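>>> Just a sequence and a predicted model for now, questions to come.
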Amino acid sequence: MSKILNVTLTDIEYEILKKMTIVEGEEGDKLRNLLRYYIFTLPELKSGEYALKRVENKEEIESYLREVWAAYELTENPTEVWKEDKIKKLSGDLLEINVLLKTGENQYVPGNKFRSLYKMVLHDVATESKDMDEYSAACVATIQLLMEFGADVLSKETIRDATIFLNEGWLFVYATAMKKARDFMKTKKLFPEEAPAPRST
């Protein structure tokens, strides 16, 4: 639901807003675009900072992860039983916080920034937690990024559903590739190549 705000700016504040070149638009529209620009700049964390936040928010992240897997206990792919209105609202919410980009009518892809950060966080989570399966690591990465991109305003249900939506739609392919690579490396360790026989002189 949209909210209408009346904002009083000083003359100087208004002149600064008008002259800002990082956002487009006029008056109220410019304020809205400024907010979207601010949201876009929020998740500029480094790998180590994400790792620290995972420790600080461990219980909250694990709580979200339990919610995600509980949805999978009811059906193999929860998005297949969702109504169109739910998907439309979820897509709209993710579009607002720059997680998704619109590519056509009812067509979206994760934004480049989100996707790049996701790959970094997925790698870090999988490296930190050797006993965690690749798909759980993928969910943890998505959950943490949604917490960052949503600036702590997304509801628990939205984070749960968005995690499922993003992973099923686009991101589980990275977890699958990681699983295949790990399985391959395990096979290589179990069956190392025979050392070449020494040459006779």
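Great, that's in hand.
>>> What distance do you get for residue 115 to residue 121?
11 Å (CB to CB, to the nearest Å). Every C-beta, even on glycine, is put in place using the N, C-alpha and C of the backbone.
>>> In terms of neighbours, single out the busier of the two.
Neighbour count, other CB atoms under 10 Å: between residue 115 and residue 121, residue 121 has more, with 25 against 18.
>>> May I ask you to confirm that that one belongs to a helix?
Yes. Assignment of residue 121 by DSSP: H, G, I helix; E, B strand; the rest coil places it within a helix.
>>> quick one: contacts for the closest residue to it other than its chain neighbours?
Closest residue to residue 121 apart from its sequence neighbours, by CB to CB, 6 or more residues apart in numbering: residue 141 at 4.1 Å. Residues in contact with residue 141 (CB atoms under 8 Å, 6 or more residues apart in numbering) are 118, 121-122, 125.
>>> these two touch, right, residue 54 and residue 125?
Yes. Using CB atoms under 8 Å as the test, residue 54 is close enough to residue 125 to be in contact (7.3 Å).
>>> shared neighbours, these two?
residue 140.
>>> okay, the two: which has more neighbours?
Remark: of residue 54 and residue 125, residue 125 carries more neighbours, 23 against 19, as counted by other CB under 10 Å.
>>> In this structure that one contacts residue 132, no?
Yes. Counting by CB under 8 Å, residue 125 touches residue 132, with 7.1 Å between them.
>>> Identify the contacts common to these two.
Residues within reach of residue 125 and of residue 132 at once, by CB under 8 Å, 6+ apart, are residue 140.
>>> Would you mind pulling up the elements that the longest helix anywhere in the chain packs against?
Taking DSSP state H as the assignment, the helix of the chain that covers the most residues is helix 172-190. Where contact means 3 or more CB pairs under 8 Å, 6 or more residues apart in numbering; DSSP states H and E, helix 172-190 is packed against helix 112-128, helix 134-149.
>>> Apply 6 Å and report the result again.
helix 134-149 (3 or more CB pairs under 6 Å, 6 or more residues apart in numbering; DSSP states H and E).
>>> relative orientation of the helix it packs on and helix 172-190 in degrees?
Angle between the axes of helix 134-149 and helix 172-190 is 140 degrees (criterion: axes from the mean of the first three to the mean of the last three CA atoms, to 10 degrees).
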